[in-house]
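*Asks:* Need coordinates for the below:
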Amino acid sequence: MDIQELIENFELFDDWEDKYRYLIDLGEHLPQLPPALHSEEWKVSGCQSQVWLVPDVIEEAGKKLINFRGDSDAAIVKGIIAIVLSIFTHKTPQQIKEIEVENIFAKLGLSEHLSPSRRNGLGAMTEKIRYYASIL
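*Replies:* Numbering: from 1, shown residues only. The predicted structure follows:
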C-alpha cells in the first residue's frame, strides 16, 4: 500500500479508537517474519517493544532498491512497522535518506497519539533503516 492510500484510509476515521484499530489491523497483515530472523542481528535497539527490521537489496532497471521486512512482539508496534515499511520499502538509498517520516505520521493523524516511547521507537526504526541505506 502506498503512502497516499494510507493517508486517505486514515482520513476515513474520525476518532483515535478507529485509527488505533486500523493500525492494529495493518500489523496483523504483515507477512510473517521467519523465527530465524528474530535475532540480535536484526533487532532495533531503542524500542520499548521488540522490533526486528531486515533489509533486502534488489536491482531493478539498473538501480539498487531496498525492501524491508519487519516484526514486533506488540500489536500496535506491528502496525507502526507496517506503515514504516510502506514508507521505506522499494526505495533507493538516496530516497530513503530524503524521507521525512514525522511529516507522514502527522498527515496520517498519528503523531499526536503516539506515546513518547513509541515516538522514540519510530525514531529508532527510522535510524536503523537509514543506517541500512548507508551501508547497502
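*Asks:* longest helix of the chain?
*Replies:* helix 116-135 (DSSP state H).
*Asks:* Which residue lies nearest the spatial centre of the protein?
*Replies:* Centrality entry for the chain: nearest residue to the mean C-alpha point is residue 84, 1.8 Å, by Cα atoms, centre = their mean.
*Asks:* How far off centre is whichever strand or helix holds that residue?
*Replies:* Under the criterion of DSSP states H and E, residue 84 resides in helix 75-88. Centroid separation for helix 75-88 versus its chain: 4 Å, with Cα atoms, centre = their mean, to the nearest Å.
*Asks:* contacting residues around that helix?
*Replies:* Residues outside helix 75-88 that contact it (Cβ atoms under 8 Å, 6 or more residues apart in numbering): 1-3, 6, 20, 22-30, 47, 49, 51, 53, 66, 68-72, 96, 99, 101, 104-105, 108, 110, 114, 118, 121-122, 125-126, 129. All C-beta atoms are positioned from the backbone trio N, CA, C, and that covers glycine.
*Asks:* Can you say which of these are buried?
*Replies:* For the contacts of helix 75-88, a burial check counting by 16 or more other Cβ atoms under 10 Å picks out 6, 20, 22-24, 26-27, 30, 47, 49, 51, 53, 66, 68-72, 96, 99, 101, 104-105, 108, 110, 118, 121-122, 125-126, 129.
*Asks:* Just to be sure, which of those are found in strands?
*Replies:* Counting by DSSP state E, the buried ones among the contacts of helix 75-88 place 51, 53, 66, 68-72 in strands.
*Asks:* mind putting those in CSV, pLDDT and distance to residue 136 included?
*Replies:* CSV is the format used below for those (pLDDT from 0 to 100; distance: Cβ to Cβ, whole Å):
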residue, pLDDT, distance to residue 136
51, 97, 19
53, 98, 12
66, 98, 6
68, 97, 11
69, 98, 14
70, 98, 16
71, 97, 20
72, 97, 22
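*Asks:* Max pairwise distance over these: which two?
*Replies:* 66 and 72 (19.7 Å; Cβ to Cβ).
*Asks:* And residue 93, how close does it get to residue 120?
*Replies:* Look at residue 93 and residue 120: by Cβ to Cβ, to the nearest Å, they are 24 Å apart.
*Asks:* Many thanks, we can stop here.
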